[in-house]
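*Asks:* Sequence below, structure please.
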Amino acid sequence: MYRCASATLAVALAASAALFATSGIAQVQRNFPPNALRGELVVGDPPEVKLNGLPTTLAPGARIRGQNNMLQMSGGLSGSKLAVHYTLDSTGQLRDVWVLTADELAKRPWPKTALEADAWVFDFGAQTWSKP
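*Replies:* Okay, here's the model as predicted:
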């Protein structure tokens, strides 16, 4: 009898954990830094990638976050073409990359160059840009 009760309790806990995990993912809003630009990333043989059609390199320790905000290995994305937000390090290499969800991609306008970001105004709370 003791084993049956334990098994039932374990199934109930697993089901409730799955329910809470699913509902939590749907409500997460990622906050991007003001220096994050939008672009198209094509992952080749890491660390080699193409950003907006131009060859570039992932910085040592670069982080790629998937649509679920979990870290992804660049090797697992080889050959993928992705809509992303990204930041660069001081040497011009890709430092942080976020693969965009459909909702994030729908937020427009979003700067594609540092010149646009310098000229526009960023609302961090709403995660939106506006042109003055």
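
*Asks:* Give me the three-state assignment for the residue nearest the centre of the chain.
*Replies:* In the chain, the C-alpha nearest the mean C-alpha coordinate belongs to Trp98, at 2.4 Å (Cα atoms, centre = their mean). Three-state secondary structure (criterion: DSSP: H, G, I helix; E, B strand; the rest coil) places Trp98 in strand.

*Asks:* what is Thr87 paired to in the beta sheet?
*Replies:* As for beta bridges, Thr87 partners with Asp96 under DSSP bridges.

*Asks:* Quick one: neighbours of it, just the number.
*Replies:* Taking other Cβ atoms under 10 Å as the criterion, the count of residues near Thr87 is 18. All C-beta atoms are positioned from the backbone trio N, CA, C, and that covers glycine.

*Asks:* Test my guess that it contacts Gly39.
*Replies:* No. Counting by Cβ atoms under 8 Å, Thr87 stays clear of Gly39, with 10.8 Å between them.
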